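1. Got a sequence here, can you build the structure:
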Amino acid sequence: MAAIDVHTPRTYGNFRKPRTSGLRGLSLGATLLVFGGLIAVVLTTLFSLWAAVALAVVLAAAMAPLAVRDRHGRTLMQRLAIRLAWRRTVASGGNLYRSGPVGRAGDGTCRLPGLAAQSSLKEAQDGYGRPFAVITIPATNHHTVVLSCDADGAALVDERQVDTWVAHWGQWLSALGTEPGLVAVGVTVETAPDSGVRLHQEIVNNSVDDAPELARGMLRDVLAAYPSGSAQISTRIALTYSGAARAGAPRRNAEDMAIHIGTRLPGLTAGLSMTGAGTAVPMTATELAEAVRVAYDPTVAQLVEEARAAGGSGLTWDEAGPTAAEEAWDHYRHDGVFSVTWAMTHAPQGEVLSNVLTGLVQPNRDIARKRVTLLYRPHSRAESARVVQQDYKNALFTAQQSPIGRASDDAEVVAARKAAEEQAQGHGLIQFGMLITATVDSAEDLPRASAAVDNLAPAARIAVRPVYGSQAAAFAAALPLGLVLPLHTALPQTVRDAM
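-> Here you go, the predicted structure:
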């Protein structure tokens, strides 16, 4: 009798957010403040007991904003800082943007607003002779190339094949830690209504005059019915490189980085062939300008497709931005449409299957245009070893603080040790986040879109929150522009982590 091969679904997990090195879940800065305050209270008791009590009350009041956290892990101090920054932005008019001939830009163009205002775009050729666009962000000296992928999809695909795709995707991400100069990767899956222009062009180009009337009638019916309710799914991968000076090498400009990136693209695109991403090709300057323009003004999507079918739209980077935009506390209005962007605050808990994000990235009837962006920041081998070892020490320290061991602390220690063991075996370590942008036609549709995202997030085993007070920056970061948000903040990352 032949043996039956039973395939057990593969699960994934152990997504960890490194623990802080402070006392009882406090940050390092808050812990130092506690110890310094306690020492001051003890010394004050030598002079006056009432003064020591008053100082202890002041210390408790100062610690409350640093110790009280919401369900997303944000402290009261962080929320107050965001609120004050938002009020300052509104008072200065920084939440308003006007461009074009009657705008405030001064040159009559429609450049991108906010963090991407100073960006520039140039085109070069890779090792295969393919043209590709390079976005340069002068503030951080970052240079981004965007790949357009034709994802295969998992419909009617064997589970083993899906597991193979996931394994190769993990290997591709792990190899990014050794990619010279690479600082970030963004994977954007965008769903939007299909205008039917591509289908019409395909039918027209492949029709003959002497075709049977039955076939012609069927194609006319398909052309009339198919675009209604259908969706267009676009997948793009943005690779961001740093032109900063390295040991033994000077700072590199856009021309130098174009040469460097051009030599790396053939290998990177070839590595994606086994990940289920399909054929990955670099986007040209015109294609990238069209994609960004449609994101800011979806009403021109059909016009752009018609112009592309007729030979090209000719859009430039100076025409890719909106003519008007207004940022509110909880949404973003740009060129007549409204968008809300959410950020992931907790990764999937426990073990999950490979299709955990399927419902989130699929088209949704309550959201006209949806964009899900996974943001990756790979660690080098040396950084990976340091991070996992420090996380393991912090988990041990937290578990030893309680006289009676808690099961959650023991689980954290086991998970941290497992991560350290996997890193020692050669696996890569990478930071990741997620941004979800929903765009609707009117303000009345925003509550329905918000409810849809609130329903999709728990099904994906993640926790999300709206990016209050920074909707414009989050909207731009969710686009394939190569914006690394932690490097655009006023306070350095190390200082913010210690607060």
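2. so where's the stretch 101-250 of the chain uncertain?
-> For the stretch 101-250 of the chain, the stretches flagged by pLDDT under 70 are 105-106, 227-229, 247-248.
3. which non-adjacent residue is nearest Ala457?
-> The shortest distance from Ala457 to any non-neighbouring residue, by Cβ to Cβ, 6 or more residues apart in numbering, is to Val464 (4.7 Å). Using the backbone N, CA and C atoms, a C-beta is placed for each residue, glycine as well.
4. Show me what the strand or helix carrying that neighbour is packed against.
-> Here Val464, judged by DSSP states H and E, is contained in strand 463-466. Secondary-structure packing of strand 463-466 (3 or more Cβ pairs under 8 Å, 6 or more residues apart in numbering; DSSP states H and E): strand 337-346, helix 446-459.
5. okay if I get the ones you listed as CSV plus distance to Leu483?
-> Below are those laid out as CSV (distance: least, Cβ to Cβ, whole Å):
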stretch, distance to Leu483
strand 337-346, 13
helix 446-459, 21
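6. Return the most buried member of the ones you listed.
-> strand 337-346 (a mean of 22; mean count of other Cβ atoms under 10 Å).
7. Strand partners (parallel or antiparallel) of that strand?
-> Sheet pairing of strand 337-346 (DSSP bridges) gives strand 332-334 (antiparallel), strand 430-440 (antiparallel), strand 463-466 (antiparallel).
8. And the strands in the stretch 51-200 of the chain?
-> For the stretch 51-200 of the chain, the strands defined by DSSP state E, counting those that start in this stretch occupy 96-98, 120-125, 131-137, 142-149, 182-193.
9. Would you point to the one among those strands that's packed deepest?
-> Highest mean neighbour count among these (mean count of other Cβ under 10 Å): strand 142-149, a mean of 24.
10. which residues touch that one?
-> The list of residues contacting strand 142-149 from outside it, by Cβ atoms under 8 Å, 6 or more residues apart in numbering, reads 132-137, 183-184, 234-243, 254, 257-258, 261, 265, 268-269, 272, 277-283, 287-288, 480-482, 484, 487.
11. again, 7 Å this time
-> 132-136, 183, 235-243, 254, 257, 261, 265, 269, 272, 277-278, 280-283, 288, 480-482, 484 (Cβ atoms under 7 Å, 6 or more residues apart in numbering).
12. And stretch 161-170, by the same measure?
-> Under Cβ under 7 Å, 6+ apart, the answer for stretch 161-170 is Arg10, Ala154, Met274, Thr275, Gly276, Ser354.
13. Can you flag the buried ones in the contacts of strand 142-149?
-> Using 16 or more other Cβ atoms under 10 Å as the burial test, these include 132-136, 183, 235-243, 254, 257, 261, 265, 269, 272, 277, 280-283, 288, 480-482, 484 as buried.
14. Apart from its chain neighbours, what residue comes closest to Asp391?
-> Closest residue in space to Asp391, ignoring its immediate chain neighbours: Pro18 at 4.4 Å, by Cβ to Cβ, 6+ apart.
15. thinking again about what came up before, same list, the strands of the stretch 51-200 of the chain, but as TSV with distance to Pro447 please.
-> Listed next are these as TSV, based on distance: least, Cβ to Cβ, whole Å:
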stretch	distance to Pro447
strand 96-98	24
strand 120-125	37
strand 131-137	34
strand 142-149	33
strand 182-193	20
